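Asker: Below is the structure, and that's it, no one-letter string:
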């Protein structure tokens, strides 16, 4: 038997699926901004170490390259610092300051300065916000036919501008006259 009344239509409740209110989004953004502001200073030493390490590895690679080119070419290869104001760099105001980068060339006339006719082998641009200091002081380093760079120990101390050599990121690259390279932590005297 059929019911005298027709079936009642089903009432559905509409559920709104939505996102976040503008207030909730602003609270999340504010929290993220506060966390980022707290975390940023702790990344500064990591970034300084990374930049110093990158410069040390670049200089080490250039020294090995200049040495191998000198052996291959029978000497007359020079590694020379870029002068002050190279690409706007202001970190080469002293003779021992190599912060504006360096280049390797074949020094056919043995004067330590590159003429237009002398072959340029490699150029390294300025290392930004880093001090690179050479000991003993000098604007160039000459490699002989045996790949030796003089009779004395050569060293380069690389440190962030600002804190300088007191920074824990400071490294010293030591190169013996025979070409052996060691990288030491801190501003140390090479033996």
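Answerer: Everything's here; your move. All values derive from a computational prediction rather than experimental measurement.
Asker: What residues of stretch 102-111 count as buried?
Answerer: 102-107 (16 or more other Cβ atoms under 10 Å). Every C-beta, even on glycine, is put in place using the N, C-alpha and C of the backbone.
Asker: chain center to the helix or strand harbouring residue 52, what's the gap?
Answerer: For residue 52, the element it lies in under DSSP states H and E is helix 22-73. With Cα atoms, centre = their mean, to the nearest Å as the basis, helix 22-73 stands 8 Å off its chain's centre.
Asker: what's the answer for stretch 131-147, then?
Answerer: 20 Å.
Asker: buried stuff in that stretch?
Answerer: 131-135, 138-143, 147.
Asker: List just the nearest of those residues to residue 21.
Answerer: residue 131 (51.6 Å; Cβ to Cβ).
Asker: residues contacting that closest one?
Answerer: 91, 97, 99, 157-161, 164-165 (Cβ atoms under 8 Å, 6 or more residues apart in numbering).
Asker: which regions of the protein lie under the pLDDT threshold?
Answerer: In the predicted model of the chain, residues 1-17 satisfy pLDDT under 70.
Asker: sorry, back to before: mind giving me the packing neighbours of the helix holding residue 52?
Answerer: Contacts defined by 3 or more Cβ pairs under 8 Å, 6 or more residues apart in numbering; DSSP states H and E place helix 22-73 against strand 77-81, strand 102-106, strand 120-124, strand 130-135, strand 140-143, strand 154-160, strand 171-175, strand 181-185.
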